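In: Take this sequence and fold it.
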Amino acid sequence: MKKYLVGGAVRDALLGLPVREKDWVVTGATPEEMAEQGYRPVGKDFPVFLHPQTKEEYALARTERKTARGYRGFSFHAGPEVTLEDDLIRRDLTVNAIAQDTDGTLIDPYSGQRDLQDKILRHVSPAFLEDPVRILRVARFATRFAPLGFRVAEETIALMRQMVADGEADALVPERVWRECERALMHDQPSTFFYTLRECGALARVMPEIDALFGVPQRADYHPEIDTGVHTLMCIDVAAKLNAPLEVRVATLLHDLGKAITPQSEWPSHRMHEVRGVPLVEEFCARLRVPSDHRDLAVLVTRDHLNVHRCAELRPQTLLDLLERMQALRKPEVFEQALQACLSDARGRKDFEQSEYPQVPYLQAAAEVARAVQAKDVMAAGFSGVKVGEELKTRRIAALKDWKTTQVSSH
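Out: Below is the predicted model:
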């Protein structure tokens, strides 16, 4: 029995990155021998065990054979005769197919170290074609390592295109698509994920609403980058620079979906795109099983991002209505997330990446003014029942009117 450290732990150590988890491959062993040594079996499809002390995963070296379309259509064979090289050749990328012996010796039959040095993500073998999840994984690895200068090899992109043409991308289940998307969105340069999927044709299959934004022009005076797809991906990179949480990045990704269905006769203007976008956001989130809190924020931002951009022009009552729709008075954390998505939208434009966005402090101050008028004060003045809500609204509008007057005079 021999044990080898494999995959991401070896790759990240060679890149000088922190190693978060360790996976091991075991050769020359049977499941019974692993169990005798105290390893606990956890694999359903093939023999994977947890180390009795470290709880790290130890998988028996295995081969796999494609038996049907999709990423579940495989049969596996694990046995003492399967070699380390047999196991490594079934992996996705050469940089993930480097193993390390317990004495520190590297085993690299597919030149992963050279590709690490050259900053190339390259498939190990033609078996890459058999698993459509690899399209998503390559796009995510390209995203994770984009800040280090990595790129996907041309021949690997060509294989990904072939998989899309063969219909393999259509076999990807929504949960897996979204899981890889979530992980990619949390990297420093999430745009790379969508550009990589678009380059191989997969974006149109798994997220047609995002793909449809490319080639749709916007007014150059507002959007010097012109293309709506380019703008959207600039926005998510801004959200990443702001270190925004996942739900903000999702809302930012989806905020302009309505522009894809603007009649061409109205281009480059996109009046009503926020109204048109809401059902598209809801359909997207339902299909990909996006968590409901992420969906709700995305709907809020899609519906009201233009009102946020022009908030200083709003009358006191309209301003209060906006604050209420944005949950400013009931859920301040949702309100702050919505503002962060709107800031990402404003800065996700060519030459506007560092621009001031006074709308955020303006709306934060307006929310404070409205919050300062409390229901308990209204009740103390003798109001009850439905009259409390009516009077509360009246007083908040009056407070916002006074506040806006001071804003104008101070400027």
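
In: Give me the phi and psi angles of residue 220.
Out: phi -70, psi -30 (degrees, to the nearest 10).

In: so who does residue 162 touch?
Out: residue 129 (C-beta atoms under 8 Å, 6 or more residues apart in numbering). Heads up, the C-betas are built off the backbone N, CA and C, glycines and all.

In: Any figure for the gap between it and residue 221?
Out: According to C-beta to C-beta, to the nearest Å, residue 162 and residue 221 sit 42 Å apart.

In: Please write out the alpha-carbon positions of the helix or strand containing residue 233 in CSV.
Out: Here residue 233, judged by DSSP states H and E, is contained in helix 228-241. Taking Å, rounded to 0.1, in the frame of the first residue of the first chain, the C-alpha atoms of helix 228-241 are listed here in CSV:
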residue,chain,number,x,y,z
THR,A,228,-24.2,45.6,-22.2
GLY,A,229,-22.5,42.2,-21.7
VAL,A,230,-19.1,43.9,-21.2
HIS,A,231,-20.7,46.4,-18.8
THR,A,232,-22.3,43.6,-16.7
LEU,A,233,-19.0,41.8,-16.3
MET,A,234,-17.2,45.0,-15.4
CYS,A,235,-19.8,45.5,-12.7
ILE,A,236,-19.2,42.1,-11.1
ASP,A,237,-15.5,42.8,-11.1
VAL,A,238,-16.2,46.1,-9.3
ALA,A,239,-18.3,44.2,-6.7
ALA,A,240,-15.4,41.9,-6.2
LYS,A,241,-13.0,44.8,-5.6
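
In: wait, residue 201 sits on residue 165?
Out: Yes: judged on C-beta atoms under 8 Å, residue 201 makes contact with residue 165 at a distance of 7.3 Å.

In: more neighbours, the two?
Out: Using other C-beta atoms under 10 Å, the more surrounded residue of residue 201 and residue 165 is residue 201, with 18 against 11.

In: which of the residues in stretch 366-383 are buried?
Out: Within stretch 366-383, the residues that qualify as buried are 366, 367, 369, 370, 373, 378, 383, counting by 16 or more other C-beta atoms under 10 Å.

In: quick one: which of the residues you listed is nearest to residue 116?
Out: For the buried residues of stretch 366-383, the closest approach to residue 116 (C-beta to C-beta) belongs to residue 367, at 49.4 Å.

In: so the closest one sits in a strand?
Out: No: judged by DSSP: H, G, I helix; E, B strand; the rest coil, residue 367 forms no part of a strand; its state is helix.

In: ok, now how distant is it from residue 347?
Out: For residue 367, the distance to residue 347 - C-beta to C-beta - is 21 Å.

In: Number of residues surrounding residue 90?
Out: Count around residue 90 with other C-beta under 10 Å applied: 20.

In: if I pick it, what's in contact with it?
Out: Contacts of residue 90 (C-beta under 8 Å, 6+ apart): 62, 63, 64, 124, 125, 127.

In: Repeat that for residue 335.
Out: Counting by C-beta under 8 Å, 6+ apart, residue 335 makes contact with 323, 326, 327, 328, 363, 367.

In: Just the element for it, please.
Out: Residue 335 belongs to helix 332-347 when assigned by DSSP H and E.

In: so after the helix holding residue 233, what's the next helix or strand?
Out: Per DSSP H and E, the first helix or strand lying C-terminal to helix 228-241 is helix 246-254.

In: Packing partners of that following helix?
Out: Using 3 or more C-beta pairs under 8 Å, 6 or more residues apart in numbering; DSSP states H and E as the contact test, the elements touching helix 246-254 are helix 174-185, helix 228-241, helix 273-287, helix 292-309, helix 332-347.

In: List the buried residues for it?
Out: 247, 248, 249, 250, 251, 252, 253, 254.

In: do the same with stretch 33-49
Out: Residues of stretch 33-49 classed as buried by neighbour count (16+ other C-beta under 10 Å): 34, 39, 43, 47, 48, 49.

In: how close does the closest residue to the fourth one other than its chain neighbours sit to residue 112?
Out: Meaning residue 47. Setting aside the residues directly before and after it, residue 47 is nearest to residue 60 in space (C-beta to C-beta, 6 or more residues apart in numbering), at 4.3 Å. Using C-beta to C-beta, residue 60 is found at 22 Å from residue 112.
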